[in-house]
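# I need the structure of the sequence given here:
(one chain, ligands or ions: 1)
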Amino acid sequence: MTAFDSAVEAKTLLEGLGVDSTAGTWESRSPIDGGPIGRVDAADGEAVAAAIGRAHEAFLQWRLVPPPRRGELVRLFGETLREEKAALGRLVSLEAGKILQEGLGEVQEMIDICDFAVGLSRQLYGLTIATERPGHRMMETWHPLGVVGVISAFNFPVAVWAWNACLALVCGDSLVWKPSEKTPLTAAAVGALFRRAAERFGDAPAGLLEVVHGGRETGGALVDDPRVALVSATGSTRMGREVGPRVAARFGRTLLELGGNNGMVVTPSADLELAERAIAFAAVGTAGQRCTSLRRLIVHDDIKDALLARLKRIWSGIPVGNPLDPGVLVGPLIDRMAFEAMEKVLAEARAQGGIVTGGERLHAESWPDAYYVRPALVEMAGQSDVVMRETFAPILYVLGFRELDEAIALHNAVPQGLASAIFTTDLREAELFLSAAGSDCGIANVNIGPSGAEIGGAFGGEKETGGGRESGSDAWRAYMRRATNTINYGRDLPLAQGIEFSLPVA
Ligand code: NAD
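Okay, the predicted model is just below:
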């Protein structure tokens with residue numbers, strides 16, 4: 001293990017990105033060595049209310065700026081991100097613990113959504129609709145919505161915010177962002193880069209992006225404020241259960257991106273070499289801390305033993321260590337709580353008949369305050385209680401099946417509905433999996449794993465995953481309000497449905 005001091009790394013990166021992290025009430029720690037890496041100020045309810053007030057003022061101005069001009073700000077932000085990709089990507093690795101390739105990938109995802117949003121700024125189309133009334137025209141127009149509150153999770157500390165922010169900005173909205181309390185410094189850095197882009201832009205209203213730090217209470221202040229038109233919240237299903245009803249009680253809008261419990265079906269015709277690579281990336285990548293991580297492998301009985309043997313070989317040799325070191329493929333868990341949750345769940349799995357390979361703690365002697373684990377493979381006889389839950393750690397349950405219908409039923413039996421995949425070379429099997437009778441998830445893939453989505457598609461899932469869709473396709477509509485307009489250019493007043501309503505002659 002090479003000598004490493006996260007505080008020294010963080011200081012250089014943060015100074016370069018224009019963030020003062022020397023003082024503040026909230027401390028951030030790197031999961032790489034468990035050491036403190038900087039501070040930010042936490043916002044209390046009053047500070048959040050003031051931030052929402054500033055964002056609302058900004059919205060009143062920003063909604064009047066033509067969308068392509070709004071796109072110019074996002075274009076400049078994308079340029080700033082290109083300039084700082086190396087530093088920001090490294091900071092993501094340092095604070096969230098993902099390997100550098102994935103840290104850089106996360107910033108690339110931000111750049112990609114900037115490009116997407118710039119194009120979108122000229123394509124906020126509404127429909128023209130056939131009207132039943134003569135001398136009339138009917139159409140839809142899309143208007144800015146208001147202040148968008150973004151609550152984000154630790155595992156994608158900046159990209160998921162960018163999916164929301166870039167679309168919201170071209171749609172004419174302003175933003176108040178409550179990042180994860182575990183990754184405040186990357187958010188502070190993104191805030192500084194956004195300010196840099198706004199200065200280049202010239203006349204962006206102050207308050208267009210407000211960043212408020214803190215835990216659940218800070219998030220709660222956003223959730224309850226009626227000036228926040230849309231709360232876009234990414235995190236656990238537990239969080240969504242609390243946030244959803246509170247926003248609904250004030251008739252606000254929510255966009256919920258919650259937990260997943262993603263499955264892959266492998267049939268006898270699958271290309272096993274492709275499958276094993278996809279399984280490894282999806283199950284152990286980001287140390288199993290992606291919402292789309294592969295958690296359930298449903299393999300045909302005829303190939304299960306062969307595939308399992310191959311996976312055991314891969315699992316035992318996978319390089320686990322400092323995510324900034326080249327060659328390392330699995331970094332640390334985010335914190336001790338995550339490690340304890342993993343241990344507890346593995347014990348439960350054993351108690352429910354599971355055969356566990358791996359899962360032990362690593363590097364505890366070098367870094368007693370950091371939590372590295374060997375990814376675990378768990379053979380299960382059935383889809384017991386523990387398999388039905390999302391555990392945010394690198395645990396892959398392996399189940400068998402005989403008939404494809406049985407595999408699809410198993411796959412869909414969990415309460416979550418985010419991402420899914422089938423590995424097969426049989427067209428009938430592939431099409432069935434993608435059909436109405438197939439996977440019930442928001443993302444369904446063939447011959448690629450469930451994780452690692454591109455920004456061009458709509459991202460999100462069904463059931464307890466919350467139903468939200470972000471990023472590409474027509475996800476922008478969530479950030480705007482739709483008005484249906486009917487214009488009468490005739491000299492008569494025909495009523496819809498042929499209703500007669502003649503006033504008595506006076
Ligand atoms: P978390 O639920 O602990 O926290 C997420 C965010 O919600 C944090 O900013 C937190 O402060 C805030 N929060 C928590 N309770 C709140 C409350 N009552 N009111 C307001 N804000 C509240 O999740 P986490 O541990 O940071 O992230 C892991 C979880 O996120 C996993 O379940 C994962 O599947 C999910 N996730 C989902 C997606 C997706 O797109 N579906 C993406 C990333 C992560």
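# What residues does the protein have near the ligand?
Taking CB under 6 Å from any ligand atom as the test, the list of the chain residues beside the ligand reads 151-156, 160, 178, 180-181, 215-216, 219-220, 223, 234-236, 239, 242-243, 257-260, 291, 390, 392, 418, 465. For every residue, glycine as well, the C-beta is placed using N, CA and C.
# Check which helix or strand the residue nearest the centre of the chain maps to.
When the chain is reduced to its mean C-alpha position, the closest residue under CA atoms, centre = their mean turns out to be V160, at 4.6 Å. Following DSSP states H and E, the helix or strand that holds V160 is helix 159-170.
# For that helix, output the C-alpha coordinates as CSV.
The C-alpha atoms that make up helix 159-170 are tabulated as CSV, following Å, rounded to 0.1, in the frame of the first residue of the first chain:
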residue,chain,number,x,y,z
ALA,A,159,-23.4,13.8,-12.0
VAL,A,160,-26.9,13.3,-10.8
TRP,A,161,-27.0,17.0,-9.7
ALA,A,162,-25.9,17.9,-13.2
TRP,A,163,-28.6,15.8,-14.8
ASN,A,164,-31.1,17.9,-12.9
ALA,A,165,-29.4,21.3,-13.0
CYS,A,166,-28.5,21.5,-16.7
LEU,A,167,-32.0,20.6,-17.8
ALA,A,168,-33.6,22.9,-15.1
LEU,A,169,-31.4,25.8,-16.2
VAL,A,170,-32.3,25.7,-19.9
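# now the angle from the next helix or strand after that helix to helix 159-170?
If you walk from helix 159-170 toward the C-terminus, the next helix or strand you reach (DSSP H and E) is strand 174-178. Regarding strand 174-178 and helix 159-170, their directions subtend 160 degrees when assessed with axes from the mean of the first three to the mean of the last three CA atoms, to 10 degrees.
# packing partners for the following helix or strand past strand 174-178?
The element immediately downstream of strand 174-178 (helix or strand, assigned by DSSP H and E) is helix 184-201. Using 3 or more CB pairs under 8 Å, 6 or more residues apart in numbering; DSSP states H and E as the contact criterion, the elements in contact with helix 184-201 are helix 6-17, strand 26-29, strand 36-40, helix 67-83, helix 85-96, helix 159-170, strand 209-211.
# Show me what V176 is bridged to.
G149, E210 (DSSP bridges).
# Give me the neighbour count for it.
Around V176 sit 28 other residues, with neighbours defined as other CB atoms under 10 Å.
# Just to check, it is in contact with S152?
No - between V176 and S152 there is no contact under CB atoms under 8 Å: 11.8 Å.
# just so I have it, where are all the helices in the stretch 351-500 of the chain?
If you assign secondary structure with DSSP state H, counting those that start in this stretch, the helices in the stretch 351-500 of the chain sit at 385-388, 404-412, 427-434.
# Would you reformat these as JSON lines and include mean neighbour count and mean pLDDT?
Compiled in JSON lines, the helices of the stretch 351-500 of the chain are given as follows (neighbours: other CB atoms under 10 Å; pLDDT from 0 to 100):
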{"stretch": "helix 385-388", "mean neighbour count": "17", "mean pLDDT": "98"}
{"stretch": "helix 404-412", "mean neighbour count": "18", "mean pLDDT": "98"}
{"stretch": "helix 427-434", "mean neighbour count": "16", "mean pLDDT": "98"}
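# Tell me the span between the first and last residue of stretch 419-439.
Between the opening and closing residues of stretch 419-439 lies a distance of 9 Å (CA to CA, to the nearest Å).
# ok, now stretch 166-175?
Between the opening and closing residues of stretch 166-175 we find a distance of 10 Å, counting by CA to CA.
# quick one: buried residues of it?
Buried residues in stretch 166-175, counted by 16 or more other CB atoms under 10 Å: 166-175.
# Ok, stretch 261-279 next?
261-267, 270, 272, 275-276, 278-279.
# How about stretch 126-143?
Residues of stretch 126-143 classed as buried by neighbour count (16+ other CB under 10 Å): 131, 133, 142.
# residues contacting whatever residue of the stretch 301-450 of the chain ends up closest to the ligand?
Ranking the residues of the stretch 301-450 of the chain by distance to the ligand (CB to the nearest ligand atom) places F392 first, at 5.2 Å. When the contact criterion is CB atoms under 8 Å, 6 or more residues apart in numbering, the partners of F392 are 155, 236, 259, 288-289, 338, 341.
# Make a ChimeraX selection of whichever of those turn out to be buried.
Typed into ChimeraX, the next command selects the buried ones out of those (criterion: 16+ other CB under 10 Å):
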select :155,259,288,289,338
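# my guess is N445 meets F423, correct?
No - using CB under 8 Å, N445 is not in contact with F423; the gap is 9.4 Å.
# Show me which of those two is the more surrounded one.
For N445 and F423, the more surrounded residue by other CB under 10 Å is F423, and the numbers stand at 28 against 23.
# how close does the residue lying closest to that one once chain neighbours are set aside sit to the ligand?
Leaving aside its chain neighbours, F423 sits nearest to A270 (3.8 Å; criterion: CB to CB, 6 or more residues apart in numbering). Counting by CB to the nearest ligand atom, to the nearest Å, the gap from A270 to the ligand is 26 Å.
# does A270 count as helix, strand or coil?
coil (DSSP: H, G, I helix; E, B strand; the rest coil).
# does it really touch E429, like I thought?
No - counting by CB under 8 Å, no contact exists between A270 and E429, whose distance comes to 9.3 Å.
# What are the buried residues along stretch 108-116?
Residues of stretch 108-116 classed as buried by neighbour count (16+ other CB under 10 Å): 108-114, 116.
# Just send those back as CSV, with distance to G53, pLDDT and secondary structure too.
Conversion of the buried residues of stretch 108-116 to CSV gives the following (distance: CB to CB, whole Å; pLDDT from 0 to 100; DSSP: H, G, I helix; E, B strand; the rest coil):
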residue, distance to G53, pLDDT, secondary structure
Q108, 35, 98, helix
E109, 31, 98, helix
M110, 27, 98, helix
I111, 31, 98, helix
D112, 33, 98, helix
I113, 28, 98, helix
C114, 27, 98, helix
F116, 30, 98, helix
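# Go through these and say which is closest to the ligand.
Distances from these to the ligand were compared by CB to the nearest ligand atom; the smallest belongs to E109, at 12.2 Å.
# residues near the closest residue to the closest one other than its chain neighbours, how many?
Distances taken as CB to CB, 6+ apart put A159 closest to E109, at 4.2 Å, once the chain neighbours are dropped. Counted with other CB under 10 Å, the neighbours of A159 add up to 21.
# give me every residue that touches A159.
Taking CB under 8 Å, 6+ apart, we find A159 in contact with 106-107, 109-110, 113.
# Try it again at 6 Å.
Taking CB atoms under 6 Å, 6 or more residues apart in numbering as the definition of contact, the neighbours of A159 are 106, 109-110.
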